[in-house]
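Participant: let me see the structure of the following:
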Amino acid sequence: MTTTKRNRPEADGRAETTGGCLAAALGGAAGLGSWAVAAPRRWPGEFETSPNWSVLYLDFPAMVLIGIALPLLAWTVAARTTSSPALRAGAVLLTTALFVAAALGWYAPARPTTPL
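Facilitator: Numbers count the residues shown, from 1 in each chain. The predicted structure is shown next:
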């Protein structure tokens with residue numbers, strides 16, 4: 001009688017689920033952090049000193065949702081193309097770092113222009 005090592009698909013499924021949840025949590029935290037860094041600069045209004053409400057109702061949900069979606073997309077693509085957990089984590093970290101860099105670059109204050 002030959003014994004074979006049984007592959008545990010439920011353990012693999014749990015690992016995939018845990019990795020996806022961690023990717024979403026990391027992305028959500030990155031989106032929230034990127035928004036929180038720039039929100040105090042953008043909150044005061046430019047017209048008659050009224051607050052800029054779009055910082056709350058547009059920028060906040062967009063940054064958090066995009067921050068969740070991009071690492072999850074990277075995790076899904078990496079999970080379908082490679083079996084290495086290190087490559088999957090690297091893809092998530094790289095995508096999150098690029099998202100944070102892009103978000104902070106988008107929110108950077110405008111450079112003062114000097115007349116010629």
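Participant: got the contact list for Ala89?
Facilitator: Gly19 (Cβ atoms under 8 Å, 6 or more residues apart in numbering). C-beta here means a position set from N, CA and C on the backbone, and glycine is covered the same way.
Participant: try it again with 10 Å
Facilitator: For Ala89, the contact set (Cβ atoms under 10 Å, 6 or more residues apart in numbering) comprises Gly19, Leu22, Ala23, Leu26, Ala74, Trp75, Ala78.
Participant: again with Ala23
Facilitator: Counted by Cβ under 10 Å, 6+ apart, Ala23 has contacts 68, 70-76, 78-79, 88-89, 91-93, 95-96.
Participant: quick one on the thing from earlier: what's the ChimeraX line that selects buried ones from the contacts of Ala89?
Facilitator: The ChimeraX command for the buried members of those (criterion: 16 or more other Cβ atoms under 10 Å) is given here:
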select :19,23,26,74,75,78
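Participant: out of the contacts of Ala89, which is nearest to Ala36?
Facilitator: Leu26 (15.5 Å; Cβ to Cβ).
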